[in-house]
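Chemist: dropping a prediction and its sequence here:
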Amino acid sequence: MADSAVVARLGGGVVAAARLCVIVPAVFIVAYFLLAMVTPRAFVPVWVWTERAVVSAGIAGVLWIFTRHPWHSRRPAGLTHALAVSCLLVLPAVVTGFWPAVFGAFVTPLLVAGSAIVERLRSV
């Protein structure tokens, strides 16, 4: 499974995991809207909370990956970019009105920027 074509195209290993943490919640927005339109109105809260759970899992995933690879110089190629663009998780958080995730989506990119600044200042 780890050597699948999709994982390889996403950068493999931890880079693919970080990218999937951002891609899956964004793509699930489409499923969220489709399910909300075709199911009875009573199911809409189920889909809203499912989307919120998916976004929360994405945020937790990129944060966990950052804690395993905090320094840019020791990260696999492409991981810094994947962690930095995790601010895109704001979109699915805003769609469902999940404000803790809106703010949480900026935590990992700010940590990535902060670690890059600290690492650069250390080398000076």
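Modeler: Sure thing, it's come through. Residues are numbered from 1 along each chain as shown.
Chemist: residue 20 touches residue 10, doesn't it?
Modeler: Yes. Residue 20 sits in contact with residue 10 when judged by CB atoms under 8 Å, with a separation of 6.7 Å. All C-beta spots, glycine's among them, are computed from the backbone N, C-alpha and C.
Chemist: name the residues of stretch 21-35 that come out as buried.
Modeler: Along stretch 21-35, these residues count as buried under the neighbour rule (16 or more other CB atoms under 10 Å): 21-22, 25-26, 28-29, 32, 35.
Chemist: so which residues make contact with it?
Modeler: 43, 47-48, 50-51, 54-55, 57-59, 61-62, 65, 82, 85-86, 88-89, 91-92, 95-96 (CB atoms under 8 Å, 6 or more residues apart in numbering).
Chemist: sec struct for the residue nearest to the spatial centre of the chain, please.
Modeler: A centroid search over the chain (CA atoms, centre = their mean) returns residue 22, at 3.2 Å, as the residue closest to the centre. For residue 22, the secondary-structure state derived from DSSP: H, G, I helix; E, B strand; the rest coil is helix.
Chemist: where does this structure have low pLDDT?
Modeler: Filtered on pLDDT under 70, the chain yields the residue ranges 1-3, 6-7.
Chemist: please enumerate the strands of it.
Modeler: For the chain, no strands are identified by DSSP state E.
Chemist: ok, which stretches of it are helices?
Modeler: Listed in chain order, the helices of the chain (DSSP state H) span residues 5-9, 13-38, 44-68, 79-84, 90-95, 99-104, 107-123.
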